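Undergrad: Generate a structure from the sequence data that follows.
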Amino acid sequence: MAGHSKWAQIKHKKAVVDAKRGKLFSKLAKEISVAARLGGGDPSMNPRLRTAIEKAKEANMPQDNIKRAIQKGTGELPGMAYEEAVYEGYGPGGVAMLIEVLTDNKNRTVSEIRHLLSKHGGSLGEAGCVSWIFEKKGLILVNKQSIDEDSLMAVALEAGAEDLKNDPKEENYEIITSPDDFQAVKDALSKECVQIAMAELTMLPKTQVSLEGDTAEKMLKLMDVLEDHDDVQNVYANFDLPEEVMAKAE
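TA: Just a heads-up that it's a prediction; the model follows:
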């Protein structure tokens with residue numbers, strides 16, 4: 001788990017200060033539009049939309065952009081109809097990968113994803129080949145300086161959290177929730193003025209593959225090129241990388 005939460009944190013920090021802000025805003029707008037199309041334009045009644053809007057605000061996306069994206073999703077404004085797809089495959093060293101996309105052309109996107117995987121030491125797999133390795137969970141990281149472990153555990157478990165981890169080497173506590181309880185736990189922490197470093201719905205791996213040296217570097221490069229693709233929303237992988245490789249990514 002340490003590898004996953006560390007990588008999630010690196011990605012989160014990168015996103016907030018991303019120089020390619022236009023690309024980031026485009027991906028956030030896609031997710032907002034799709035969430036609004038599937039569940040309606042009221043975030044109080046649509047958890048997926050609420051989460052998407054919170055992510056957009058964290059990235060300092062202008063309110064007008066958020067509003068337009070919602071209106072495109074609900075049909076109040078004309079907009080592209082995006083389809084969701086999840087591709088499964090393998091990275092260097094046999095790492096399991098799930099790649100979530102929003103696209104207006106599945107044939108083009110799957111061809112491009114296959115090319116990126118093969119170019120960087122991976123391969124596209126059949127549906128179901130690795131999805132069993134992952135579980136959908138809420139992941140919340142809390143700054144250790146903002147609260148002691150016992151107090152945090154009391155608040156989190158009362159709100160419905162499944163687990164709390166305290167790795168002495170990390171600066172944050174790690175809280176795991178079910179998808180259904182994610183927002184309730186997050187709200188309970190905010191109510192107690194607990195400092196949340198990161199919160200997201202994610203796919204957590206049940207097992208991890210430890211990588212070293214060149215293989216670890218190749219894996220990081222593959223993650224970068226996939227996440228830079230316009231249609232890719234999220235990439236999940238079950239790698240565990242050495243600290244020095246993670247430090248390079250930061």
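Undergrad: from here on, contacts and neighbour counts on C-alpha atoms
TA: Fine.
Undergrad: who does the longest helix seen in the chain touch, helix- and strand-wise?
TA: Taking DSSP state H as the criterion, the chain has its longest helix at helix 21-39. Contacts defined by 3 or more CA pairs under 8 Å, 6 or more residues apart in numbering; DSSP states H and E place helix 21-39 against helix 47-58, helix 63-74.
Undergrad: give me that answer again for 10 Å
TA: Contact analysis of helix 21-39 by 3 or more CA pairs under 10 Å, 6 or more residues apart in numbering; DSSP states H and E lists helix 2-16, helix 47-58, helix 63-74, strand 83-90, strand 96-103, strand 232-237 as its packing neighbours.
Undergrad: Need the contact partners of the fourth one.
TA: Applying CA atoms under 10 Å, 6 or more residues apart in numbering, the set of residues contacting strand 83-90 from outside is 31, 34, 95-106, 109-110, 113-114, 117-118, 121-131, 231-238.
Undergrad: Tell me which residues touch residue 190, please.
TA: Residue 190 sits in contact with 184, 196, where contact means CA under 10 Å, 6+ apart.
Undergrad: Okay, buried residues for the one helix or strand it maps to please.
TA: Here residue 190, judged by DSSP states H and E, is contained in helix 182-191. For helix 182-191, a neighbour-count test (16 or more other CA atoms under 10 Å) marks 182, 183, 184, 185, 186, 188, 189 as buried.
Undergrad: residues contacting the third one?
TA: If I follow you right, that is residue 184. 156, 158, 159, 160, 161, 177, 190.
Undergrad: So the fourth one versus residue 144, what's the distance?
TA: Distance, residue 160 to residue 144, using CA to CA, to the nearest Å: 20 Å.
Undergrad: Over to residue 76?
TA: According to CA to CA, residue 76 stands 44 Å off from residue 144.
Undergrad: Neighbour count: these two, which is higher?
TA: residue 144 (19 against 11; other CA atoms under 10 Å).
Undergrad: Chain neighbours aside, what residue packs nearest to that one?
TA: Leaving aside its chain neighbours, residue 144 sits nearest to residue 172 (5.2 Å; criterion: CA to CA, 6 or more residues apart in numbering).
Undergrad: what residues are up against the one you found?
TA: Contacts of residue 172 by CA under 10 Å, 6+ apart are 5-6, 140-146, 165-166, 195-198.
Undergrad: go on, residue 111?
TA: residue 124.
Undergrad: what's the domain layout of the chain?
TA: 2-74, 83-132+207-249, 134-205 (automatic domain parsing).
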